[in-house]
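Asker: predicted model, plus sequence, below.
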Amino acid sequence: MPDPADKVGATAYAHSRKWDLAAALPLILFNGLAALGFAITAIKAMGKPVDFAGGLQILSEAGSFVFFLMEAVIVCIRRLPLRKLAGLLPRASALAAAYAPFALLLLPHRALPPPQAIVSVLLLLAGTFGGIFTLSYLGRSFSILPQARQLVTNGPYRYVRHPLYLFGQLSLIGVGLQFAQPWGLMIALAGCLLQFPRMAYEERVLTESFPGYAAYRAKTAMLIPGLL
């Protein structure tokens with residue numbers, strides 16, 4: 001018969017800093033490698049002659065380096081979760097929404113004419129630097145899975161409930177334009193749609209954890225003020 005003390009110890013470990021870091025290790029490594037990759041790409045590009053669109057692309061890659069590095073650091077120091085949604089489906093939904101768009105890398109890259117290249121990079125810049133701005137407010141409350149760590153309602157969260165996902169989708173559309181069509185935009189659209197069940201699960205755990213979330217939700221748009 002299992003020792004009750006062992007069960008208590010396992011439960012305490014599952015809510016400890018060590019467990020949170022161990023569970024997040026793949027995310028830390030992914031973000032760290034992504035930051036390194038963007039840094040190398042930007043440095044190499046800076047050593048070559050570039051046009052206006054190329055300069056914007058370098059700026060976007062530098063921003064992506066900052067974004068992924070911020071995520072890696074924040075995950076290491078974030079608050080412990082107050083509540084998590086149990087079950088496989090909420091976790092699978094979050095992971096699919098976060099990582100399914102990387103299917104874009106299976107498609108052939110295409111050279112864009114200058115106007116389309118500028119549109120693509122501007123979307124990337126808006127999404128990347130908007131994401132950096134949002135992360136600076138979300139801070140130690142950041143999580144990939146549906147978990148409640150701390151309720152954030154200031155900064156961009158004053159206007160929409162999920163600004164990080166909004167800016168992420170702008171970046172995704174910008175990236176999707178750079179790959180073979182119509183598949184690139186179809187994957188980008190699928191990535192956008194996958195965010196909706198993810199947001200629903202997150203809002204459930206936030207409603208269960210913070211008494212003020214229901215009122216905040218009632219007066220704040222999900223993604224676009226006045227529309228959605």
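Answerer: Thanks, I have it. Remember, predicted model here, so these are calculated numbers, not experimental data.
Asker: ok, longest helix in this protein?
Answerer: For the chain, the longest helix by residue count, based on DSSP state H, is helix 17-46.
Asker: quick one: name whatever helix or strand follows that helix.
Answerer: helix 52-77 (DSSP states H and E).
Asker: so what does that next one touch, helix or strand wise?
Answerer: Judged by 3 or more CB pairs under 8 Å, 6 or more residues apart in numbering; DSSP states H and E, helix 52-77 is in contact with helix 17-46, helix 114-138. Yep, even glycine has a C-beta here, placed from its N, CA and C like the rest.
Asker: please identify the buried residues of it?
Answerer: 53, 56-72, 74-76 (16 or more other CB atoms under 10 Å).
Asker: what mean pLDDT does that helix have?
Answerer: In this model, helix 52-77 has an average pLDDT of 92.
Asker: nearest residue to residue 91 in space, ignoring adjacent ones along the chain?
Answerer: Spatially, and ignoring its direct neighbours in sequence, residue 91 is nearest to residue 145 (5.5 Å; CB to CB, 6 or more residues apart in numbering).
Asker: low-scoring stretches of this protein, by residue?
Answerer: The chain contains residues with pLDDT under 70 at 1-15.
Asker: at 90 instead, please
Answerer: Residues of the chain meeting the criterion pLDDT under 90: 1-17, 44-57, 86, 105, 110-117, 226-228.
Asker: for residue 227, which three-state class applies?
Answerer: Under DSSP: H, G, I helix; E, B strand; the rest coil, residue 227 falls in the coil class.
Asker: what number of residues are in the vicinity of it?
Answerer: Other residues within reach of residue 227 by the criterion other CB atoms under 10 Å amount to 7.
Asker: next: residue 31.
Answerer: For residue 31, the neighbour count with other CB under 10 Å is 21.
Asker: that one reaches residue 75, doesn't it?
Answerer: Yes. Applying CB atoms under 8 Å, one finds residue 31 in contact with residue 75, separated by 7.1 Å.
Asker: among the helices and strands packed on helix 52-77, which is nearest residue 92?
Answerer: When those are ranked by distance to residue 92, counting by CB to CB, first place goes to helix 17-46 at 15.1 Å.
Asker: just want the angle from the closest one to helix 52-77.
Answerer: Orientation of helix 17-46 against helix 52-77 (axes from the mean of the first three to the mean of the last three CA atoms, to 10 degrees) gives an angle of 160 degrees.
Asker: just the buried positions in helix 17-46, please.
Answerer: 20, 24, 27-28, 30-32, 34-35, 38-39, 41-42.
Asker: stretch 139-147 now?
Answerer: Buried residues in stretch 139-147, counted by 16+ other CB under 10 Å: 139, 141-147.
Asker: coming back round to it: need the helices and strands packed on helix 52-77 in TSV with distance to residue 197, can you?
Answerer: As requested, the helices and strands packed on helix 52-77 are exported to TSV (distance: least, CB to CB, whole Å):
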stretch	distance to residue 197
helix 17-46	20
helix 114-138	20
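Asker: quick one: neighbours of residue 166, just the number.
Answerer: Neighbour count for residue 166, taken as other CB under 10 Å: 24.
Asker: ok, it - contacts?
Answerer: 130, 160, 223-224 (CB atoms under 8 Å, 6 or more residues apart in numbering).
Asker: many thanks, I have nothing further to ask.
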